[in-house]
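Participant: output the structure for:
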Amino acid sequence: LDFWRVLSLHNSSSSSHHLPMFRTVKLCRALAPLGDRILVRRAAKEVQTAGGIYLPADKAKDPNEGEVVSVGPGERDVTGTLHPPTLSSGDKVLLPEYGGIKISIEDEELFLFRESDILGKFE
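Facilitator: Predicted coordinates for the structure are as follows:
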């Protein structure tokens with residue numbers, strides 16, 4: 001019922017008060033992970049081997065290292081107790097070869113992992 005009232009008010013208003021339905025301005029977005037999820041930026045692919053041989057960018061494999069961009073608040077157990085994550089922003093971590101959810105934010109590829117999926121932290 002309220003929807004129809006708003007629609008009738010919108011249609012009866014003058015065009016000078018017209019509000020756009022969608023925003024066309026590009027907004028800068030930030031992603032805050034939920035629960036025990038960790039947002040990670042993978043290290044750049046190595047296109048040169050230790051022996052000095054250059055590999056094509058599509059043949060180089062993804063590195064298993066990354067940097068933590070942001071962390072969620074932690075995970076709650078069955079009693080409701082919050083267990084904060086052991087990682088923090090800026091930590092260098094060892095990632096599994098496969099897994100994680102690929103996310104593109106402003107032409108940058110980031111990966112979302114659960115804290116338990118991350119293999120280790122570099123000191």
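
Participant: show me the shaky parts of the chain.
Facilitator: Along the chain, the model assigns pLDDT under 70 to residues 1-29, 56-61.

Participant: where do the strands sit along it?
Facilitator: Secondary structure of the chain (DSSP state E): strands at 37-42, 65-71, 75-76, 82-83, 92-94, 101-105, 108-114, 120-121.

Participant: tell me which of these is the most buried.
Facilitator: Mean neighbours per residue, mean count of other C-beta atoms under 10 Å, is largest over these for strand 37-42, with a mean of 21. For glycine as for every other residue, the C-beta is placed from the backbone atoms N, C-alpha and C.

Participant: what's in contact with that strand?
Facilitator: With contact meaning C-beta atoms under 8 Å, 6 or more residues apart in numbering, strand 37-42 is reached by 31, 33, 62-63, 65-72, 85, 87, 93, 95, 100, 103, 108-115, 118.

Participant: circling back to that earlier point, so which of the strands of the chain gets nearest T49?
Facilitator: The closest of those to T49 is strand 65-71. By C-beta to C-beta, the value is 16.6 Å.

Participant: that closest one pairs with which strands, parallel or anti?
Facilitator: If you go by DSSP bridges, strand 65-71 pairs up with strand 37-42 (antiparallel), strand 92-94 (antiparallel).

Participant: how about the helices in the protein?
Facilitator: 2-12 (DSSP state H).

Participant: follow-up on the earlier one: can I get the strands of the chain in TSV with distance to L55?
Facilitator: As requested, the strands of the chain are arranged in TSV below (distance: least, C-beta to C-beta, whole Å):
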stretch	distance to L55
strand 37-42	17
strand 65-71	17
strand 75-76	39
strand 82-83	42
strand 92-94	22
strand 101-105	22
strand 108-114	19
strand 120-121	26
